[in-house]
Structures are given as structure tokens and as C-alpha cells.
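# please work out how this folds:
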Amino acid sequence: MRKSLPCLLFFAFALGAACSAAVAQDAQAKIEQYMQATLKVDHFMGSILVAQHGEIIVSQGYGMADMKAGIPNAPGTKFRIASVTKEFTAMAILELQAKSKLNIQDPVCKYVPDCPKDWAPITIYNLLTHTSGIPNLTSFPNYQTIEAEQLTPTQLLADFENKPLNFAPGTKFSYSNSGYDVLGYIIERVSGESYAEFLEKNIFGPLDMTDSGYDRSHPTAKNHAQGYRYSPSGYEPARFVNMSVPFSAGALYSTVLDVYKWDQAVDAGKLIPKNLMDEMLTGHVAMDGPGGPKYGFGWMISTEFGHKVIWHGGGLEGFTSLNSWFPDNDAYVIVLDNVTSLDVHGIGRALAAILFGQKYEVPQEHKEIALDAGALGKFVGNYQLAPNFVIAITLAGDQLSEQATGQKACPIFPESNTEFFLKAVDAQISFEEDSAGKVTGLVFHQDGHDLPGKKE
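Down below sits the predicted model:
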């Protein structure tokens with residue numbers, strides 16, 4: 001009996017490995033089917049990586065990194081990662097704390113000369129958690145002018161340091177790129193190095209992230225993606241951004257392979273002591289009310305398909321990004337693209353659904369039909385999806401548009417008498433009618449979610 005036991009164990013191990021390989025192959029096939037549909041229907045261009053238990057299941061590029069030069073996207077393509085940068089900025093701050101150079105409970109004014117009086121109550125902790133009240137630079141009316149300028153960190157802070165706070169520090173959450181720019185300024189003041197130099201020396205170098213760094217305003221590397229925007233007329237070059245403006249809130253570039261290295265290093269606690277790592281990955285403040293995602297230090301913490309997920313997304317002219325990590329499942333889903341405003345969170349959610357055997361929807365090609373203004377007029381009105389969240393449907397000529405609370409208006413296009421779709425993102429709207437044909441509500445479909453709204 002004892003002599004046969006190792007054979008049984010070997011057989012069980014081999015069977016488990018075979019099953020694991022079969023699961024991985026099934027996921028690969030489904031991911032490829034999904035991505036090909038996304039490429040065709042949603043005009044995706046970028047690279048993805050899906051991994052679990054130390055094995056990369058898929059690492060693949062789609063579409064073109066540089067359309068003019070005919071260079072395709074690949075796993076080694078460099079993308080601007082936009083606000084995923086905040087993960088690295090938060091880590092840099094905690095590295096300085098680990099070296100006793102600062103403390104996250106320190107007042108910001110300890111490190112900012114001529115600090116505005118309103119900033120006196122603000123701590124580094126408030127900056128890390130978006131609870132400072134400092135207004136968000138990217139929401140300023142003149143931001144499109146600002147983003148093309150070459151600015152020093154001091155000049156960047158001058159654009160918002162004298163503006164009134166949006167609320168008393170520590171009283172609420174409000175996402176602020178400005179706050180993370182102040183963190184970059186503090187990193188430079190405390191370390192005596194530029195933000196780019198500090199990250200290279202303390203993060204990218206030690207982790208062998210050789211394809212990551214602070215981006216140039218005019219990148220020249222052949223494996224650096226060019227940014228585009230997509231419209232019904234096709235792909236167009238994205239608007240220029242001087243990378244001194246996103247700074248420590250969004251100026252880094254990386255590849256899906258390097259971001260995976262980064263995630264694994266965070267998981268392994270390679271850069272800072274465990275107590276600081278735990279603080280970084282703890283949800284300190286609710287972002288959207290009870291039960292919704294929480295914000296840690298440079299990371300968001302929420303639940304997807306019943307699994308804890310630690311993540312951050314980003315968007316910059318010509319680029320969008322998602323880095324998501326499922327710590328309890330040792331799983332990672334990373335999506336980097338070079339098309340403005342593509343719904344990479346929806347793509348990431350679908351990839352996670354495939355990995356966990358959950359429901360997802362393959363993008364379907366939508367065909368527009370013609371409806372005259374008379375037929376469209378009955379849909380006009382406000383539809384309440386949640387308290388303080390409304391979708392307004394408006395009509396200009398024969399073009400129907402939707403505008404959600406706090407968001408830009410987007411045109412919607414009919415594919416039946418009651419079904420409409422958006423071209424800007426993979427989303428659809430179904431209008432509901434009563435027996436008399438009167439419109440009573442709608443259902444907004446996106447990322448596998450169905451959000452009903454009653455007509456007011």
C-alpha cells in the first residue's frame with residue numbers, strides 16, 4: 001500500500017495539471033473570440049494580459065501601435081498608463097515614509113513653501129485618498145490650453161493652489177489629479193531628485209521594469225504606441241499633451257508585461273514593509289456611498305463577480321488603461337490601449353468574467369436604421385436611474401442624444417423602433433413602452449449590467 005501511494009499522488013497531480021491546462025486553453029479561446037469582436041465592433045487597439053497562479057494565460061497585442069509606420073501592438077508595446085501612475089506615486093510616498101523622510105499624517109504645508117492658508121489642515125493622507133478638497137486640475141475650463149504647456153511642478157501647482165477648496169479637508173471623497181500632482185512635488189522636495197529619477201531608482205530599477213518610466217512629450221521609440229481617437233470617420237491622431245502636466249498624476253508609460261511585474265511585486269511586498277503595504281491596499285474612504293468601491297492609496301478596492309479586486313484605471317488624450325488584481329485568486333487582468341475614451345473597464349470586466357466562468361457579453365455589431373424626428377420625439381425626457389443620477393434624452397433635428405448626470409452628451413443611434421446604441425462606447429439603451437405605446441422608462445446596458453430608469 002505504501003509503495004503505491006506516490007503513484008497515486010503523481011496521477012492526481014498529473015490529472016490536476018491536465019485539467020488546469022484545459023481550463024486555460026478554454027479561457028484563451030474565449031478571450032480571443034471576445035477580443036476579435038471588440039477589435040471589430042469597438043475599434044479596440046492595444047494590448048492585454050491575463051494571468052493566474054503565476055502563469056500568463058494571454059499576453060497579446062491588437063490593432064496598430066503606429067498606423068503611419070505600420071507597427072502593430074504587441075505585449076512589449078509601451079503605452080501611456082495615465083492615472084495608473086497614481087499607484088506608483090503612492091508607493092514612492094510610502095517608500096519615503098519607510099526611510100523616515102516623511103509621514104503621511106504630516107501637513108502638506110510642511111513641504112510646500114508659501115502654502116495657501118486653506119491648505120493648512122490638509123495632510124499627505126488627504127492627498128493620497130482624494131479627501132483634500134483641492135479642485136481637480138483636469139476639470140478646469142482652460143485645461144485643454146494648460147495640457148499643451150511645458151510646466152515645472154511649481155508652475156503646475158500655481159494653476160490651482162489659490163483656488164478655493166471644494167470642501168473642508170477630510171470631509172468627503174472627490175477625485176483630484178491636482179492632489180497627486182502635489183504628492184509628486186513633495187517627492188521631489190523630500191528626496192532632492194526629480195520625480196522621474198526617484199521612481200527609476202526606487203521602483204523601476206529594483207523591479208527590472210526596463211520598459212517603464214516617465215514619458216516624453218514626443219516619444220520616439222518604435223515600440224511606443226501613438227495615441228488616437230476614433231470617430232465614425234475613422235482613427236485620428238489624439239490631441240497633444242505635454243507630459244509635464246499629467247506629472248505624478250498620470251505621466252508614466254509601461255507595457256502589460258511590466259505592469260504585471262509591478263503587480264506581482266506589490267503582491268509579494270517587495271518594496272515597503274508589510275504595515276505600509278497593508279495601509280496602501282486598505283479601502284480608507286468610500287467613493288460612491290456605502291457598498292461601493294473604496295479608495296486606498298493609489299488603488300481602488302471593490303468586488304467583481306464575488307471576488308475582491310484591487311485596481312485603478314486611467315485616461316489621457318489617446319490612451320486608456322486598466323490594471324486589476326484579484327489577490328484572493330492570484331489573478332491579474334491588465335488592459336492598455338492607444339484610443340481615447342475606449343471602455344477598457346468593460347473589456348477588463350469581460351476578461352475577468354471569462355477567467356472566473358461568469359456571464360459576459362461578446363460585442364455585437366450594431367446596424368443603424370432610419371427613424372424620423374416624429375418617431376424619435378417620444379423618447380425625449382429625463383430618466384432616473386438612481387437618486388441624483390439621471391439620463392437626459394434630447395433631440396436636435398433628427399439626432400437623439402443621451403447625457404448622464406455629470407457627463408458629456410453622446411449621440412445615440414436606432415437599431416429598432418425602441419433599441420438604440422452608442423458609438424463612442426459599447427453601450428445600448430432599450431426604451432420601454434406601455435400598452436398604449438407611451439414611453440415609460442429605459443434600460444441602460446453596459447459592461448454586462450442592466451440599469452433601469454423610470455421616465456420622470
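# so what's the residue most central in space within the chain up against?
Centroid-nearest residue in the chain, with C-alpha atoms, centre = their mean: Gly313, separated by 1.4 Å. For Gly313, the contact set (C-beta atoms under 8 Å, 6 or more residues apart in numbering) comprises 82-84, 320-323, 344-345. C-beta: built from backbone N, CA, C; applies to glycine.
# swap in 7 Å and give it another go.
83, 321-322, 344-345 (C-beta atoms under 7 Å, 6 or more residues apart in numbering).
# next secondary structure after the helix or strand of the chain with the lowest mean pLDDT?
Lowest mean confidence among the helices and strands of the chain (mean pLDDT, DSSP states H and E): helix 5-41, at a mean of 67. The helix or strand immediately downstream of helix 5-41 is strand 46-52, counting by DSSP states H and E.
# show me what that next one is packed against.
strand 55-62, helix 256-268, strand 331-337, helix 344-356 (3 or more C-beta pairs under 7 Å, 6 or more residues apart in numbering; DSSP states H and E).
# strand partners (parallel or antiparallel) of the shortest one?
Put plainly, it is strand 331-337. strand 46-52 (antiparallel), strand 319-326 (antiparallel) (DSSP bridges).
# who's in contact with that strand?
With C-beta under 7 Å, 6+ apart, strand 331-337 has contacts from 44-52, 79, 81, 256, 259-260, 263, 319-325, 344, 347-348, 351-352, 355.
# touching, Lys308 and Trp325? I think so.
No: taking C-beta atoms under 7 Å as the definition, Lys308 is not a contact partner of Trp325, at 9.4 Å.
# which one's more surrounded, the two?
Between Lys308 and Trp325, Trp325 has the larger neighbour count (other C-beta atoms under 10 Å), namely 25 against 13.
# now the nearest residue to Glu415 once chain neighbours are set aside: how far from Glu304?
Distances taken as C-beta to C-beta, 6 or more residues apart in numbering put His366 closest to Glu415, at 5.2 Å, once the chain neighbours are dropped. Using C-beta to C-beta, to the nearest Å, we find His366 at a distance of 26 Å from Glu304.
# just Ala352 next, same as before
In terms of C-beta to C-beta, Ala352 sits 6 Å off from Glu304.
# try Phe88
Distance from Phe88 to Glu304, by C-beta to C-beta: 23 Å.
# with neighbour numbers in mind, choose between these two.
Phe88 (24 against 18).
# could you look up the SS state of that one?
Assigned with DSSP: H, G, I helix; E, B strand; the rest coil, Phe88 falls in the helix class.
# which SSE is Tyr235 in?
strand 234-237.
# what's the mean pLDDT across that strand?
If you average the pLDDT over strand 234-237, you get 92.
# who's in contact with Tyr295?
129-130, 173, 283-285, 287.
# beta-bridge partners for the closest residue in space to His307 that isn't next to it in sequence, please?
Closest residue to His307 apart from its sequence neighbours, by C-beta to C-beta, 6+ apart: Phe326 at 5.1 Å. Taking DSSP bridges, one finds Ala331 as the beta-bridge partners of Phe326.
# spit out the contact partners of Phe326.
Applying C-beta under 7 Å, 6+ apart, the residues near Phe326 are 307-309.
# same question, Thr85
Per C-beta under 7 Å, 6+ apart, neighbours of Thr85: 248-252.
# now do it against Met91, distance only.
For Thr85 relative to Met91 (C-beta to C-beta), the value is 11 Å.
# same deal with Ile412?
41 Å.
# same check, this time on Arg239
Using C-beta to C-beta, Arg239 is found at 30 Å from Met91.
# the more surrounded of the two?
When Arg239 and Met91 are compared for neighbours, Met91 comes out ahead with 24 against 14, by other C-beta under 10 Å.
# list the buried residues of stretch 208-224.
209, 211-215, 219, 224 (16 or more other C-beta atoms under 10 Å).
# what does stretch 190-197 give?
Buried residues in stretch 190-197 (16+ other C-beta under 10 Å): 190-191, 195-196.
# where do the helices sit along this protein?
5-41, 85-98, 124-128, 143-146, 153-158, 177-191, 195-199, 247-250, 256-268, 274-280, 344-356, 373-376 (DSSP state H).
# hey, which of those helices is tucked in deepest?
Mean neighbour count (mean count of other C-beta atoms under 10 Å) peaks for helix 247-250 among those, with a mean of 28.
# distance of the nearest residue to Thr255 once chain neighbours are set aside from Gln264?
Nearest non-adjacent residue to Thr255, counting by C-beta to C-beta, 6+ apart: Asp211, 4.6 Å away. Asp211 sits at a distance of 15 Å from Gln264 (criterion: C-beta to C-beta).
# correct me, but Leu49 touches Ile57?
No: taking C-beta under 7 Å as the definition, Leu49 is not a contact partner of Ile57, at 8.6 Å.
# okay, and the beta partners of Leu395?
Leu400.
# okay, now it: neighbour count?
By the measure other C-beta under 10 Å, the count of residues near Leu395 is 14.
# then Glu365?
Close neighbours of Glu365, defined as other C-beta under 10 Å, add up to 10.
# which residue, other than its chain neighbours, is closest to Ile186?
With C-beta to C-beta, 6+ apart, the residue lying closest to Ile186 is Tyr111, at 4.6 Å.
# for the one you found, what are phi and psi?
With angles defined as degrees, to the nearest 10, Tyr111 sits at phi -120, psi 0.
# mind saving the C-alpha coords of the longest strand that the chain contains as PDB?
Longest strand in the chain, counting residues (DSSP state E): strand 307-316. Only the C-alpha atoms of strand 307-316 are listed here, as PDB (Å, rounded to 0.1, in the frame of the first residue of the first chain):
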ATOM      1  CA  HIS A 307     -14.100  38.300  -5.800                       C
ATOM      2  CA  LYS A 308     -12.100  41.100  -4.200                       C
ATOM      3  CA  VAL A 309     -10.300  43.200  -6.800                       C
ATOM      4  CA  ILE A 310      -7.700  45.900  -6.300                       C
ATOM      5  CA  TRP A 311      -7.400  48.200  -9.300                       C
ATOM      6  CA  HIS A 312      -7.000  51.500 -10.900                       C
ATOM      7  CA  GLY A 313      -7.900  52.900 -14.300                       C
ATOM      8  CA  GLY A 314      -6.800  55.900 -16.300                       C
ATOM      9  CA  GLY A 315      -7.500  58.000 -19.300                       C
ATOM     10  CA  LEU A 316      -5.300  60.600 -21.200                       C
END
